[in-house]
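In: could you look at this predicted model? Sequence included:
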Amino acid sequence: MSATTRELLDTCVHCGFCLPACPTYSLWSEEMDSPRGRIHLMSLVESGELGIEDAAVHLDRCLGCLACVPACPSGVRYDLLIERARADRREQAPRSLRERAIDAALFGVMTHPRRLRLLAWPLTLGFRPNDLAPHVSPADLMAEPPPFAPAAGPPRMSVALLAGCVQRVLFGRVNTDAVDALAACGCDVSVPSGQGCCGALALHAGRDEEAKRRARATIEALHGYDRVVVTAAGCGSAMKSYGDLLGDERANRFAAGVRDVTELLAELDPPPPADPGAPLRIVYQDACHLRHGQGVVDQPRALLRAIPGAELVEIADPGMCCGSAGTYNLLQPEAARELGERKATAILDARPDVVVTANPGCAIQLTAAFRRLGVYDLPVVHPVELLRYS
């Protein structure tokens, strides 16, 4: 049985260990924009001492990066608390007409790959409606893995790949490279038809019923394999929490089989990559929902260090969010912009030849921040792309 909201709130002892980990607290040094402060607001709302409309602005400012979760010595499930609070906020606190319009547009497009692909074609002609719009080629929009790729050699396991939404449309080459890498490591890889959005964006935005509906549909589409592999950190984090979301044994079993692609490749111990032919200085940028949400930190680094001639360089404060956070950089652009430029500056200080990150939102956010800082030629790629290239 899942814990009540009051039980989750009472786990917090207000020690403050979460404060240095929190991006919005680092920006504004405001208690109500820290995890501890938000938990206090949630407690007041839950007890009826405060209306949720009075807490709404601070709930909206949270990136949901989950950096506070591993930082907390008391084991506070802030991930569950912010999801529940946002669901209540959406239901009970009115939004402005502008906010409702943006929300409808985002969820009417971003979680529907066919619509997103149709609207993305102008990007191939250089049309960029805002600075977050990525450079996309026709080949990018057409890239698609085969529905089935047999293992190279005796099969070790069966794997289903989540195609995703933004990942499928704008970064289809990542899914293709992931399928190739997994097949080379002995996996029979399927990309089942009929799969849609996994529900991650809806879950993070407080669209609780939509998140549950999409979670059930994803389980139905991808069940029956030894592992379910994800190439987008935010999707993987949400899918690993399906047990919490749906509260049934089938969801728990499914979630237990979900792996980030770097997580599974490290487990399979792939053969060493070929020598890329030149020394390569790499910065690996941790996606928050991979590092904090899933605890996957060492595996992608180990894969990158195995590339001959590669030098993996760590940056200052690697656990701090880049400001992407699903739709956050569209809904809270000023805070996201500052966080993005902080992260981009830390990366540039390390003088990399290439930046590697395991989430499409992070790739888009970092590329935009580099451009604003006058850097246009620094590639940002997924780990499996670099492994395939090498």
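Out: Alright, I've got the coordinates.
In: any idea of the pLDDT on A183?
Out: Looking at A183, its pLDDT stands at 95.
In: A helix includes it, no?
Out: Yes. Using DSSP: H, G, I helix; E, B strand; the rest coil, the secondary structure at A183 is a helix.
In: what are the contacting residues of the top helix by length along the chain?
Out: The single longest helix within the chain, with elements called by DSSP state H, is helix 333-349. Here helix 333-349 makes contact (Cβ atoms under 8 Å, 6 or more residues apart in numbering) with 23-24, 27, 61, 63, 283, 285, 315-317, 320-325, 328-329, 355, 365-366, 368-370, 372-373, 375, 378. The C-beta positions use only the backbone N, C-alpha and C, and glycine is treated the same way.
In: ok, which stretches of the stretch 1-150 of the chain are helices?
Out: Per DSSP state H, counting those that start in this stretch, the stretch 1-150 of the chain carries helices over the ranges 5-10, 23-28, 35-46, 52-61, 68-71, 78-92, 97-109, 113-120, 138-142.
In: out of those helices, nearest to D177?
Out: Nearest of the helices of the stretch 1-150 of the chain to D177, taken as Cβ to Cβ: helix 138-142 at 12.6 Å.
In: and the closest residue to D298 other than its chain neighbours, how many neighbours?
Out: What sits nearest to D298 in space, not counting adjacent residues and going by Cβ to Cβ, 6 or more residues apart in numbering, is A266, at 7.9 Å. Using other Cβ atoms under 10 Å, A266 has 19 neighbouring residues.
In: and what of the one 4 residues further on?
Out: The tally of other residues near P270 (other Cβ under 10 Å) stands at 17.
In: tell me the SS of it?
Out: Under the three-state scheme (three-state DSSP), P270 adopts coil.
In: for this structure, give me the ranges with low pLDDT.
Out: Within the chain, the stretches falling below the threshold (pLDDT under 70) are 1, 275-277, 390.
In: and the next element down the chain from the helix or strand harbouring C235?
Out: Using DSSP states H and E, C235 sits within helix 233-240. Once helix 233-240 ends, the next helix or strand along the chain (criterion: DSSP H and E) is helix 242-246.
In: elements contacting that following helix?
Out: When contacts are defined as 3 or more Cβ pairs under 8 Å, 6 or more residues apart in numbering; DSSP states H and E, helix 242-246 sits against helix 208-222, helix 249-256.
In: which residues touch the very next helix or strand once past the last one?
Out: Right, the one you point to is helix 249-256. Counting by DSSP H and E, the next helix or strand C-terminal to helix 249-256 is strand 258-260. Strand 258-260 is contacted from outside by 227-231, 233, 236, 239-240, 267, 290, 294, 296, 299, 358, using Cβ under 8 Å, 6+ apart.
In: domain assignment for the chain?
Out: As assigned by automatic domain parsing, the chain contains the domains 5-92, 113-267, 272-389.
In: straight-line length of the shortest one, end to end?
Out: In this case it means domain 5-92. One end of domain 5-92 to the other measures 17 Å (Cα to Cα, to the nearest Å).
In: cool, stretch 239-251 as well?
Out: Terminal-residue distance, stretch 239-251 (Cα to Cα): 9 Å.
In: that stretch: which residues count as buried?
Out: Across stretch 239-251, burial judged by 16 or more other Cβ atoms under 10 Å covers 239-246, 251.
In: what's the burial count for I347?
Out: Residues lying near I347 (other Cβ under 10 Å) number 27.
In: picking that back up, for G75, state which of the buried residues of stretch 239-251 is nearest.
Out: Comparing the buried residues of stretch 239-251 against G75 with Cβ to Cβ places D244 closest, at 14.3 Å.
In: tell me the spacing between the closest one and C22.
Out: From D244 over to C22 the distance is 22 Å, taken as Cβ to Cβ, to the nearest Å.
In: likewise I307?
Out: Using Cβ to Cβ, I307 is found at 34 Å from C22.
In: between these two, who's got more neighbours?
Out: Each of I307 and C22 has its neighbours counted (other Cβ under 10 Å); C22 has more, 25 against 20.
In: now do the same end-to-end measure for stretch 39-59.
Out: 10 Å.
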